[in-house]
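K.L.:
got a sequence here, can you build the structure:
(4 chains)
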Number of protein chains: 2
Amino acid sequence: MANLKQLAQSLGLSITTVSRALDGYADVSAATRERVREAADKVGYRPNASARRLRRQRAELVAVTLPSDPGHIGPPHFLDMLSGCAEHLAAAGLNLVIAPVPRGESELNICRRFVDGRRVDAMLLVRTKRKDERVEFLQSRGIPFVTNGRTESLLPHPFIDGDGFAGFRAATLRFHAAGHRRIGHIAGPQEYYFAHDRCRGWRAAMEECGLAPDLCAEGAPLEQGGYLAALELLRQPSRPTALVCATDEMAIGALRALREVDGGSQISIVGHDDLPMGAFTSPPLSTMRMTGEHLGASFASLLLRAIAGEPAEELQELHAIEFVDRDSHRRPLKAA
Amino acid sequence: MANLKQLAQSLGLSITTVSRALDGYADVSAATRERVREAADKVGYRPNASARRLRRQRAELVAVTLPSDPGHIGPPHFLDMLSGCAEHLAAAGLNLVIAPVPRGESELNICRRFVDGRRVDAMLLVRTKRKDERVEFLQSRGIPFVTNGRTESLLPHPFIDGDGFAGFRAATLRFHAAGHRRIGHIAGPQEYYFAHDRCRGWRAAMEECGLAPDLCAEGAPLEQGGYLAALELLRQPSRPTALVCATDEMAIGALRALREVDGGSQISIVGHDDLPMGAFTSPPLSTMRMTGEHLGASFASLLLRAIAGEPAEELQELHAIEFVDRDSHRRPLKAA
DNA sequence: CTTGACTCCCAAAACGTTTTGGAGAATCTT
DNA sequence: AAGATTCTCCAAAACGTTTTGGGAGTCAAG
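P.N.:
Numbers count the residues shown, from 1 in each chain, chains lettered A, B, ... in the order given. Purely as a prediction, here's the structure:
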């Protein structure tokens, strides 16, 4: 309601003094500071954000690009992540703004608009592609950013990612150790780093075991994509006995395909992401998840450190993957 | 990169003229306008957002409060809604910022911070409670806002909501018409308007049919809550033969309880929200959904009209509920 | 030649803060 | 008692826009 000028006037002080009192500078006497604080509290004074941002030359804003392409944005806990991140950024005086990407417009253009209009101090990128033009642009502009997922960019940049390669390799090896020989992979779109990474993990394990990595089908990273991909694999002359799925959503789609084709109890299956839903499917879905608590907080922290100027190399977090064993990965293996 | 002063200098024009040229005012000649536009394009000039906001006395920002309480924030398409809303707001020059609510802090305080710091021009509220202090605060401040869900506030305010009462009443009547007599309700937390509304719908139908509305259990609006509530109802001496669940997530939890207790094929069930996941459960989940496309766009439009000063009464959208029939609502009804 | 209308441009003020570079008074040193 | 130091405070500049209220010049009409 009130601004600094009015507050100062009502106190018989200068704007400067009031401002510095509220900011806790030492060159204002304790008595005055207290008096100012009380008055400010009483009238509910809050500094005008726009004015401060202009003066400080900081936007106090961080943007996260969000493709409006429905459903195509990651797991449900994505929202929790965002909210956690926003919360920790807020503690540092930064707000998180959504940079939606309208159909037909490129994510790159959106980044441009936000960066060149000095609307943000930093950016958060999700769903990275192997070759991600947003990353290159932000690097060229020198604006701090953190990605959720790695890229194949030549210059290092800050990221948080799960070690999908290791996770999917381990899951595949585990199926092999359990006696499976025809282990299929339901893959996500390979232009995304995470999908490619997970696919590579499966492939590496297959080759280590001397098995041909030929039971692989790609689909959209959602239930429907997993359903269709599973049907495709089940049509093969020699069906897989186990399926490693790029995401839980795809795994749940695949589960339905299995129910339709073989009654649902024959083929073992494992997903990735640990959706809450997975505990309630039939059979309960075995899955994997990135280790580490409070993902949002980590993003916020990395972002703040990037803004503070720490070098990219020190701002890279690769988290191990852990199994979440429920039932779907240990269907009885029929006659070897 | 460049600001107005530099751009003006390089063109030999005044700041005023350059500014007005770019804003398309008529009092600058077509020739100059073109010259200015070209130069601006060439250096990639973008007005400094903070400066404009300060001068215009508009934040160009809309906030949506997001409880950081994990999982407690509505259906997955919530994110699509946000993103769609953000997109349409962006077309009007507004950005959507996330106002996270840290544990322990009230949503009211967050609203306060955003509103009193003049950080936003309007607010978007989700998951309304029957008695919602945020609504009262915003009304007292006279700041435009739209809620997702109604409240019991005395003053009217803009909202978008589904007619949960009618939907749940219809669903219950349908079960009755199919011969069910013991129809249970799995309810969400009653302080939320939507949960109370849906519960009222079920209760009304029961009473219309001359049935006692006593098979009702309340739980958290998630899988686990539905699971526990269903177990509770199944422990009753006379079990329900049909269940009407406040949300799909609760219904999916209930489905699991049914599987555990009676093999899963005896009791009919219906949820609400039309989660994509529902098509992939076993049995595929029958559900309801709010009619209307492009929810995000509607929110944006209402918000813009509220900002423009339209009265609240004209900014209320109550959408009908439609059935999405899959399998779970028509389990064979055993011996009447 | 004056008047008015019109076209194109601009100087200056304003938005509300933070920060710079002191100023005046009181206290301490020597 | 003079100089140095410390304590409080403040005027003014700056951040980069948008907007107000004209000011020249040109042209046509009277």
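
K.L.:
ok, residue A:221 touching residue A:247?
P.N.:
Yes. Using Cβ atoms under 8 Å, residue A:221 is in contact with residue A:247, at 5.1 Å. Just so you know, the C-beta spots here come from the backbone N, C-alpha and C atoms, and that holds for glycine as well.

K.L.:
give the residues shared as contacts by the two.
P.N.:
Shared contacts of residue A:221 and residue A:247 (Cβ atoms under 8 Å, 6 or more residues apart in numbering or on different chains): residue A:188.

K.L.:
shaky segments in the stretch 201-336 of chain A?
P.N.:
The stretch 201-336 of chain A contains residues with pLDDT under 70 at A:264, A:334-336.

K.L.:
which stretches of it form helices?
P.N.:
Here the stretch 201-336 of chain A has its helices, by DSSP state H, counting those that start in this stretch, at A:223-234, A:248-262, A:295-307.

K.L.:
contacts for the longest one?
P.N.:
Around helix A:248-262, the neighbours that count as contacts under Cβ under 8 Å, 6+ apart are A:75, A:186, A:188, A:219, A:221-231, A:234, A:243, A:245, A:264, A:266-267, A:269-275, A:277-278, A:281-283, A:285, A:287, A:328, B:277, B:279-280, B:282.

K.L.:
neighbours around the nearest residue to residue A:52 once chain neighbours are set aside, how many?
P.N.:
Nearest residue to residue A:52 in three dimensions, chain neighbours excluded: residue A:60, at 7.7 Å (Cβ to Cβ, 6 or more residues apart in numbering or on different chains). Burial of residue A:60 is recorded as 18 neighbouring residues (other Cβ atoms under 10 Å in any protein chain shown).

K.L.:
which positions in the stretch 101-250 of chain A make contact with chain B?
P.N.:
Residues of the stretch 101-250 of chain A lying close to chain B by Cβ under 8 Å from any Cβ of the partner chain are A:101, A:102, A:113, A:116, A:117, A:118, A:119, A:222, A:223, A:227, A:249.

K.L.:
quick one: which of those residues is nearest to residue A:19?
P.N.:
Among those, residue A:118 lies closest to residue A:19 (Cβ to Cβ), at 23.3 Å.

K.L.:
which SS class is the closest one?
P.N.:
Following DSSP: H, G, I helix; E, B strand; the rest coil, residue A:118 is assigned to coil.

K.L.:
correct me, but it touches residue B:51?
P.N.:
No. Counting by Cβ under 8 Å, residue B:51 is not a contact partner of residue A:118; they are 9.1 Å apart.

K.L.:
the more surrounded of those two?
P.N.:
Neighbours of residue A:118 and residue B:51, each counted by other Cβ under 10 Å, are more numerous for residue A:118; the result is 21 against 16.

K.L.:
can you count the residues close to the residue nearest to the more buried one when sequence neighbours are not counted?
P.N.:
With Cβ to Cβ, 6+ apart as the criterion, residue A:118 has its nearest non-adjacent residue at 5.5 Å, and that residue is residue B:48. Residue B:48 has 18 neighbours, counted by other Cβ under 10 Å.

K.L.:
would you mind confirming that residue B:48 is in contact with residue A:116?
P.N.:
No. Between residue B:48 and residue A:116 there is no contact under Cβ under 8 Å: 10.3 Å.

K.L.:
now the strands for chain A?
P.N.:
Using DSSP state E, the strands of chain A run over residues A:61-67, A:95-101, A:122-125, A:145-148, A:159-162, A:183-187, A:216-218, A:242-245, A:268-270, A:287-290, A:316-319, A:321-324.

K.L.:
just checking: what are the partner strands of the first one?
P.N.:
The one in question is strand A:61-67. Sheet pairing of strand A:61-67 (DSSP bridges) gives strand A:95-101 (parallel), strand A:122-125 (parallel).

K.L.:
can you check the pLDDT for the residue in the stretch 1-150 of chain A positioned nearest to DNA strand C?
P.N.:
The nearest approach of the stretch 1-150 of chain A to DNA strand C comes at residue A:4, 2.9 Å away (Cβ to the nearest atom of the strand). The model reports residue A:4 with a pLDDT of 95.

K.L.:
equivalent analysis for the one 3 residues further on, please.
P.N.:
For residue A:7, the pLDDT comes out at 95.

K.L.:
burial count for it?
P.N.:
A count of nearby residues for residue A:7, using other Cβ under 10 Å, gives 20.

K.L.:
which residues sit in contact with it?
P.N.:
Residue A:7 touches A:18, A:36, A:39, A:40, A:43, A:45, counting by Cβ under 8 Å, 6+ apart.

K.L.:
among those, name the buried ones.
P.N.:
The neighbour-count test (16 or more other Cβ atoms under 10 Å in any protein chain shown) marks A:18, A:36, A:39, A:40, A:45 as buried among the contacts of residue A:7.

K.L.:
tell me who's in contact with residue A:53.
P.N.:
Contacts for residue A:53 were tallied using Cβ under 8 Å, 6+ apart; they are A:59, A:60, B:50, B:53, B:54.

K.L.:
find the closest residue to DNA strand C in the stretch 151-300 of chain A.
P.N.:
Going by Cβ to the nearest atom of the strand, DNA strand C is nearest to residue A:300 of the stretch 151-300 of chain A, at 22.1 Å.

K.L.:
low-confidence ranges in the stretch 51-200 of chain A?
P.N.:
Applying pLDDT under 70 to the stretch 51-200 of chain A picks out residues A:68-76.

K.L.:
got the residues of it near DNA strand C?
P.N.:
By Cβ under 7 Å from any atom of the strand, the residues of the stretch 51-200 of chain A that approach DNA strand C are A:51, A:52, A:54, A:55, A:56.
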